[in-house]
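In: any chance you can model this:
(2 chains)
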Amino acid sequence: QQQVKQSPQSLIVQKGGISIINCAYENTAFDYFPWYQQFPGKGPALLIAIRPDVSEKKEGRFTISFNKSAKQFSLHIMDSQPGDSATYFCAASMGTGRRALTFGSGTRLQVQP
Amino acid sequence: NAGVTQTPKFQVLKTGQSMTLQCAQDMNHEYMSWYRQDPGMGLRLIHYSVGAGITDQGEVPNGYNVSRSTTEDFPLRLLSAAPSQTSVYFCASSSPGGPNEQFFGPGTRLTVL
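Out: Now for the predicted structure:
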């Protein structure tokens, strides 16, 4: 049972373009939605996160859009750069006690120069 | 600070062998967890611990054991390795309060023949 569904599986974007990755969740008890970035041979690292009480969060070129009624959230990378080429995972967790993350399946982003 | 460290980086086992994957963190984080990463499946939680002496099962615990005798260390034991346990294993830690930011180690790539 996949509680967090992520699409697309892979994405190719030209330098300067906008990269968009989408996720949908099923469990309405989730209350924290992070995005992790992973470079080859490395562990994932937190990129940006949002809570369901806001519809958008922006940090530099990275923006999360959140639609609570649709149970969907997305990552937008503006002015994509070759250095952004990595695998991106959306995730979700509930409460502050357990802190376990449920991950999406990942999106491999390639930004072409 | 070294953050989260994992050893070994690579390991090849034969079916039926046992081994321990080591994980240590120097951030005084109470919460630690183990994930496995498989292509197209994201990261899945194996076991987690909310503090020394306390462990619990995650999504895919079968075939793995954990213990937490100190805050710093959280080893993962494979009792009798199977080819289905071929994967990349990540250890993560986080502090109990505030945002659920998980800090991941560099991973252990395990192959079971």
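In: now do the contacts for residue 43.
Out: This is for chain A. B:4, B:90, B:92, B:104, B:105, B:106, B:107 (C-beta atoms under 8 Å, 6 or more residues apart in numbering or on different chains). Every residue, glycine included, has its C-beta placed from N, CA and C.
In: switch to chain B, that's the one I care about
Out: Residue B:43 sits next to A:44, A:89, A:101, A:103, B:35, B:36, B:37, B:90 when contact means C-beta under 8 Å, 6+ apart.
In: same thing with residue B:72?
Out: Going by C-beta under 8 Å, 6+ apart, residue B:72 touches B:24, B:25, B:26.
In: where along chain A do the strands fall?
Out: Secondary structure of chain A, counting by DSSP state E: strands at A:4-7, A:10-14, A:19-25, A:33-38, A:45-50, A:56-59, A:62-67, A:72-77, A:86-92, A:102-103, A:107-112.
In: closest one to chain B among these?
Out: strand A:102-103 (3.7 Å; C-beta to the nearest C-beta).
In: show me what the closest one is packed against.
Out: Under the contact definition 3 or more C-beta pairs under 8 Å, 6 or more residues apart in numbering or on different chains; DSSP states H and E, strand A:102-103 sits against strand A:86-92, strand B:43-51.
In: how about the residue lying closest to residue B:96 once chain neighbours are set aside, what does it touch?
Out: If the residues on either side of it in the chain are set aside, residue B:96 comes closest to residue B:30, at 5.0 Å by C-beta to C-beta, 6 or more residues apart in numbering or on different chains. If you count contacts by C-beta under 8 Å, 6+ apart, residue B:30 has them with B:50, B:51, B:71, B:95, B:96.
In: can I get the contacts of residue B:72 in JSON lines with secondary structure, pLDDT and distance to residue A:72?
Out: Output for the contacts of residue B:72, formatted as JSON lines (DSSP: H, G, I helix; E, B strand; the rest coil; pLDDT from 0 to 100; distance: C-beta to C-beta, whole Å):
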{"residue": "B:24", "secondary structure": "strand", "pLDDT": "98", "distance to residue A:72": "38"}
{"residue": "B:25", "secondary structure": "strand", "pLDDT": "97", "distance to residue A:72": "33"}
{"residue": "B:26", "secondary structure": "coil", "pLDDT": "95", "distance to residue A:72": "38"}
